[in-house]
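*Asks:* give me coordinates for this.
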Amino acid sequence: MANHVSSLKRARQTERKTGVNRANKTRVRSSLRALREALQKGDAKSVGEQYRATVSALDKSVQKGTLHKNTASRYKSRLSARVKAVSAKA
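*Replies:* Numbers count the residues shown, from 1 in each chain. From the prediction side, this is the model:
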């Protein structure tokens with residue numbers, strides 16, 4: 001464990017930020033999972049709604065520094081291709 005005052009403070013900050021990052025990552029993963037499930041069902045309307053929610057969660061995680069912007073962009077690109085494929089079938 002840390003002994004200096006500054007390292008104790010840094011340990012407290014790390015705990016707090018770890019909790020925030022974990023919450024953000026959980027929100028993104030849950031949203032991605034829900035979108036993938038909607039894609040498997042094939043309902044175009046629910047897929048569209050879930051896609052918008054997922055993109056919003058990805059963008060917020062980039063703003064908060066949880067995900068890199070290129071990572072979020074890659075997710076959005078791949079997901080949009082799958083959403084378009086479902087929309088084309090419907």
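*Asks:* C-alpha from now on. contacts and neighbour counts both.
*Replies:* Will do.
*Asks:* ok, Leu79 - contacts?
*Replies:* Counting by CA atoms under 8 Å, 6 or more residues apart in numbering, Leu79 touches Tyr51.
*Asks:* what helix or strand is it located in?
*Replies:* Remark: Leu79 resides in helix 69-89, with elements defined by DSSP states H and E.
*Asks:* how near is the spatially most central residue of the chain to Ser56?
*Replies:* Nearest to the centroid of the C-alpha atoms of the chain, with distances taken as CA atoms, centre = their mean, sits Val28, at 2.4 Å. Distance, Val28 to Ser56, by CA to CA, to the nearest Å: 9 Å.
*Asks:* likewise Val62?
*Replies:* Val62 is 10 Å from Ser56, by CA to CA.
*Asks:* helices and strands around the lengthiest helix in the chain, which ones?
*Replies:* What stands out as the longest helix in the chain, according to DSSP state H, is helix 5-41. For helix 5-41, the helices and strands in contact under the criterion 3 or more CA pairs under 8 Å, 6 or more residues apart in numbering; DSSP states H and E are helix 44-63, helix 69-89.
*Asks:* isn't the residue nearest to the centre of the chain right next to Lys60, touching?
*Replies:* No - counting by CA atoms under 8 Å, Val28 stays clear of Lys60, with 9.1 Å between them.
*Asks:* Val62 and Ser56: who's more crowded?
*Replies:* Comparing Val62 with Ser56 by other CA atoms under 10 Å, the one with more neighbours is Val62, at 18 against 14.
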